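A.B. asks: give me coordinates for this.
(one chain, ligands or ions: 1)
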Amino acid sequence: MTEHGTHDAAQQRPAWALSAWMRVGVLCVVLATVLPMLFFLERFAREAVERQAGEALNQVAWQMRDALDRGMWERYIEIRLLAGREAIRDGRRHPAEARAALEQLKTNVPEYAWIGLTGADGKVQAATGGLLEGADVSQRPWFAGAQQKAFVGDVHAALLLEKKLPKQAEPWRFVDVAFPVEGKNGKFQGVVGAHLSWTWAEKLNKQLIEPRGEVLKADILVLRADGEVLLGPQEMRGSKLTLESVRRAQQVDKGYRLETWPDGQRYVTSFVRTRGHGNYPGLGWIVLARRHEAVALAEYKTLQLQIGVTCATTGVLVLVFASLLARRVARPLEALSEAVMQLATHPGKGEIPELRDYREASVLSCALRDSLQAEVRLLAELEQRVDDRTSALGEANRHLGLALAERAAAELTARESEEKLRTIADNLPVMIAYLDESRCYRFNNEAYGVFFGLPVAEITGRRIASLLDEQARQRVEEHLDKVFAGEEVHFENSVMQSEMERTLACSFIPHANAEGKVVGVYVMAQDVTLRKALERQLEQRALQDELTRLPNRRALFDRLPQAMARADRWDKPVGVLFLDLDGFKKINDTMGHEMGDELLRQFAARLQAAVRQTDTVARLAGDEFTVLLESLAMGADHAQDVARKIISAMQQPFQLGSTPVVMTTSIGIALYPPRAGISPDELLARADHAMYEAKRAGKNQCRYAA
Ligand SMILES: Nc1nc2c(ncn2[C@@H]2O[C@H](COP(=O)(O)OP(=O)(O)OP(=O)(O)O)[C@@H](O)[C@H]2O)c(=O)[nH]1
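C.D. replies: Numbering: from 1, shown residues only. A predicted model of the protein is given here:
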């Protein structure tokens with residue numbers, strides 16, 4: 001492994017070790033498991049303790065309610081029974097007996113503070129202790145209320161009896177129970193009423209709470225139906241409570257709840273409403289039993305602490321266990337990673353340890369050991385292959401270098417050769433070019449530029465057709481078609497160049513590739529305009545007599561067969577006049593050769609003027625001339641007329657310098673009738689012979705060949 005690789009590995013290495021990850025993982029699992037459990041457990045414990053406290057208070061409140069209802073019911077029954085007793089019903093006549101009956105009940109039930117019997121007018125007839133006897137109580141609610149049916153009066157303060165009853169720590173308060181008393185005739189004859197001392201209720205309270213002693217630590221409150229405290233802590237008596245538990249009790253609900261009282265403290269409060277008993281309807285008192293939160297939920301606090309301690313202990317134990325487990329699991333892996341790092345930092349030094357801690361670590365260490373051995377082998381193979389490849393590459397580079405050098409040399413040579421070839425081509429007086437398959441110039445020598453009047457660079461790349469006029473282009477395209485078909489062509493082409501017709505002698509040679517396909521055309525063209533003009537001139541000269549500018553003998557023998565052919569075709573004879581000057585030698589001899597020439601030129605001109613334009617006048621040689629007459633309508637006669645006309649024309653003297661000279665001519669006439677079957681030589685020989693006949697006959701005349 002390279003240093004770079006080691007650096008990367010170190011950079012990518014996780015910041016935490018596996019053991020740390022495991023510890024954190026276990027902690028997270030523990031927290032994720034325990035915390036919700038703790039939450040629900042704590043909530044459950046609180047609710048359970050709260051319920052337990054509430055239900056205990058319920059028991060107390062319900063007992064108090066039942067005791068109140070039962071106690072009141074007993075008083076209610078006692079007074080009712082009392083009202084029915086004979087001694088009471090007959091009390092008006094026997095007050096002492098009535099008083100005795102009242103006293104008996106008060107003795108049996110000490111909670112009664114006073115029991116009295118009134119007459120129908122409201123005057124007390126008999127009473128316990130003789131108190132208020134003779135007094136008028138007709139205005140008291142219990143008397144008024146008990147006129148027709150039973151009356152139960154709520155707790156109230158003592159009025160008339162306060163001063164007559166024995167003194168006590170607290171003012172007297174009564175609950176009234178009264179029944180109407182009927183006479184034997186069934187008529188209302190008075191009321192028997194009892195004042196039940198409220199201390200009765202306080203005794204009930206003590207009987208209920210005291211046995212439970214310090215354990216319960218609860219307060220019992222008895223409230224009037226409107227919420228006024230009748231029984232309870234001294235400081236609260238007479239005040240009205242507006243607690244939720246009171247409101248719910250007024251709605252004939254019962255239960256318990258944790259709520260804040262006017263003193264700012266929180267209490268578990270149980271609430272219930274009295275409901276009467278038997279035919280005693282009840283006064284709707286509300287019984288509250290309360291217990292301070294700290295006391296009521298003391299068990300919960302203890303439980304909370306125990307849960308906390310248990311969880312914390314469990315958590316610590318789990319962490320310790322997780323830590324030990326993590327170390328156990330991570331130790332072999334750390335050993336492996338240390339070994340791997342060592343090998344990465346110092347290849348070849350150290351080895352992968354053999355681990356037996358647990359199966360996965362053993363498998364991993366074996367696999368790494370095998371992998372390392374394989375890597376070492378592979379590395380050795382790779383190094384060998386790299387060495388082999390390096391030497392092969394070195395050899396290949398050497399060959400490549402040589403090849404490149406050779407190629408560079410060859411290219412240099414080729415470039416030099418190309419430059420030489422171009423120099424040669426540019427200095428040749430012929431146009432040399434190369435066309436590619438699209439018939440565009442790929443190479444042009446300097447002669448092209450000269451011919452077309454353009455820089456060579458502007459010609460190369462253009463289509464050949466773009467440089468030519470319409471006619472020349474058509475001819476070139478036709479020839480190129482042949483060349484691309486594999487044929488070599490040579491032709492002459494006329495090209496209009498600078499408003500002059502120029503003639504190019506062209507050679508198109510196909511360039512075939514290895515497969516035989518024509519891929520280009522070598523073009524060689526030579527401007528032969530001058531040569532052609534010269535040739536035409538020479539040709540013309542060959543047919544012309546230089547002295548007289550008349551057609552010469554060769555021209556005559558060129559035209560005569562053609563004229564004879566036309567005679568055959570048109571069926572009109574051809575006449576030949578053979579002329580020879582008479583005594584011309586003498587002119588040369590006497591006047592000189594120059595004058596002789598002058599005479600010949602004047603004779604030729606006069607002869608030319610004497611015949612038609614269409615007739616051919618030729619000088620055969622020396623002083624011999626011929627006239628070729630075509631389309632002779634009259635045949636021999638016509639020819640003779642022309643001969644005589646010529647003889648006549650020559651009668652006038654010729655002016656040689658200042659000397660007039662008369663020069664006549666002898667003419668032989670030969671006629672060629674159509675399809676006569678004679679040759680031009682024979683026809684001319686006949687005319688020549690006829691001319692000699694004219695000479696012999698005296699000259700200056702004509703003779704017709706027989
Ligand atoms: N000046 C001149 N003389 C020529 C030319 N060609 C031929 N002659 C001469 O022309 C003469 C022709 O002579 P001939 O036709 O034999 O004789 P002639 O004097 O005409 O006699 P006849 O023909 O019998 O009338 C010769 O003396 C030639 O030397 C020429 O081109 N110029």
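
A.B. asks: run a quick neighbour tally on Ile667.
C.D. replies: Ile667: 28 surrounding residues under other CB atoms under 10 Å. Glycine gets a C-beta too; all of them are placed from N, C-alpha and C.

A.B. asks: tell me the contacts of it?
C.D. replies: Listed by CB atoms under 8 Å, 6 or more residues apart in numbering, the contact set of Ile667 reads 577-579, 643, 646-647, 690-691, 694, 701-703.

A.B. asks: what's the answer for Asn108, then?
C.D. replies: For Asn108, the contact set (CB under 8 Å, 6+ apart) is empty.

A.B. asks: distance check, the residue of the stretch 51-200 of the chain found nearest the ligand against Met37.
C.D. replies: Nearest residue of the stretch 51-200 of the chain to the ligand, counting by CB to the nearest ligand atom: Arg51, 171.2 Å away. As for Arg51, its distance to Met37 is 21 Å (criterion: CB to CB, to the nearest Å).

A.B. asks: other SSEs contacting the helix or strand hosting Leu364?
C.D. replies: Per DSSP states H and E, Leu364 falls inside helix 359-427. On a contact count with 3 or more CB pairs under 8 Å, 6 or more residues apart in numbering; DSSP states H and E, helix 359-427 meets helix 298-345, helix 446-452.

A.B. asks: most packed of those helices?
C.D. replies: helix 446-452 (a mean of 19; mean count of other CB atoms under 10 Å).

A.B. asks: after that helix comes which helix or strand?
C.D. replies: Beyond helix 446-452 toward the C-terminal end (DSSP H and E), the next one is helix 456-459.

A.B. asks: ok so, going back, out of the helices and strands packed on helix 359-427, which gets nearest to the ligand?
C.D. replies: Checking the helices and strands packed on helix 359-427 against the ligand by CB to the nearest ligand atom gives helix 446-452 as the closest, at 45.3 Å.

A.B. asks: residues in contact with whichever helix or strand Val617 is part of?
C.D. replies: Assigned by DSSP H and E, Val617 falls within strand 616-621. Outside of strand 616-621, the residues within contact range by CB under 8 Å, 6+ apart are 545, 547-548, 550-553, 555-556, 559, 563, 600, 604, 607-608, 611, 625-628.

A.B. asks: out of those residues, which end up buried?
C.D. replies: Among the contacts of strand 616-621, the ones that count as buried by 16 or more other CB atoms under 10 Å are 545, 548, 550-553, 555-556, 559, 563, 600, 604, 607-608, 611, 625-628.

A.B. asks: just those residues that are near the ligand?
C.D. replies: Leu600 (CB under 6 Å from any ligand atom).

A.B. asks: close to the ligand: what parts of this protein are there?
C.D. replies: So the chain meets the ligand at 580-586, 588, 593, 596-597, 600, 622-623, 695 (CB under 6 Å from any ligand atom).

A.B. asks: can you give me the helices in the stretch 551-700 of the chain?
C.D. replies: Residue ranges of the helices in the stretch 551-700 of the chain, as given by DSSP state H, counting those that start in this stretch, are 553-570, 584-591, 593-610, 636-649, 680-696.

A.B. asks: let's have the ones you listed in CSV, adding mean pLDDT.
C.D. replies: Shown next, in CSV, are those (pLDDT from 0 to 100):
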stretch, mean pLDDT
helix 553-570, 93
helix 584-591, 95
helix 593-610, 96
helix 636-649, 91
helix 680-696, 96
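
A.B. asks: the residue of the stretch 401-550 of the chain found nearest the ligand: what secondary structure?
C.D. replies: For the stretch 401-550 of the chain, the residue closest to the ligand is Leu547, as judged by CB to the nearest ligand atom, at 6.0 Å. When classified by DSSP: H, G, I helix; E, B strand; the rest coil, Leu547 comes out as coil.

A.B. asks: quick check: the gap between it and Arg554.
C.D. replies: Distance, Leu547 to Arg554, by CB to CB: 15 Å.

A.B. asks: ok, the contacts of Ile667 vs the ligand, which is closest?
C.D. replies: For the contacts of Ile667, the residue nearest the ligand by CB to the nearest ligand atom is Met691; the value is 9.6 Å.
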